[in-house]
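Asks: Prediction below, plus the sequence it came from.
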Amino acid sequence: MRDNEVLNNIRSRRSIRSYSTKPVEEEKLDQILEAGTYAPTGRGAQSPVIVSVRQPDTIRLLSKMNAGILGTEADPYYGAPILVLVFADATRSTWLQDGSCVLENMMLAAHALGLGSCWINRETEMFETPQGKALMEQWGLASNLAGVGALALGYPDGPQPKAAARKAGYIIKR
């Protein structure tokens, strides 16, 4: 069981909070984004929308918006060269779960391809603001979409963090 490639990928993926300046190859980015499209969604609706951002000015704007909600000036995206935002149809009862599955698929795909990622929160609040709604409109996103989360994405700068020991009582069998 320990030699299963998928399970080993799940066990070894960690959140990366420091990124190198090495550019991410377009082919790898495309594979990561495609992995998100294969996430399960409620009733197979495929309601999430994935927005990939590479433009430094847009990344700085998103960082400032996110940091403002957090109440800090620090970069909540850790200097990642790519941000991947996930939105989902907020009128669906499974919007949060659908978008979360998309994010997880992309994190696992990134790790399998040698890239690092970190799930970033506060996109729901960011895109409820007038500034966030204006960005969504600029990107051609429907008004029924809500921000689920984002990935900071890029090549790790430094060694991969070690996994914490799994807590006692994590699994209960009955």
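Replies: Cool, got the structure. Residues are numbered from 1 along each chain as shown.
Asks: what about the longest strand in this protein?
Replies: strand 145-154 (DSSP state E).
Asks: what pairs with that one, and is each one parallel or antiparallel?
Replies: Looking at strand 145-154 with DSSP bridges, its partner strands are strand 82-89 (antiparallel), strand 116-120 (antiparallel).
Asks: Need those strands in CSV (columns: mean neighbour count and distance to D75).
Replies: Just so you know, the C-beta spots here come from the backbone N, C-alpha and C atoms, and that holds for glycine as well. Putting the strands paired with strand 145-154 into CSV (neighbours: other CB atoms under 10 Å; distance: least, CB to CB, whole Å) gives the following:
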stretch, mean neighbour count, distance to D75
strand 82-89, 24, 11
strand 116-120, 23, 10
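Asks: mind putting those in CSV, mean pLDDT and distance to G44 included?
Replies: Conversion of the strands paired with strand 145-154 to CSV gives the following (pLDDT from 0 to 100; distance: least, CB to CB, whole Å):
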stretch, mean pLDDT, distance to G44
strand 82-89, 98, 13
strand 116-120, 98, 24
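Asks: could those go into a markdown table alongside distance to L103?
Replies: Shown next, in a markdown table, are those (distance: least, CB to CB, whole Å):
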| stretch | distance to L103 |
| --- | --- |
| strand 82-89 | 5 |
| strand 116-120 | 6 |
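Asks: can you tell which of the ones you listed is closest to R17?
Replies: Of all the strands paired with strand 145-154, strand 116-120 sits nearest to R17, with 5.8 Å by CB to CB.
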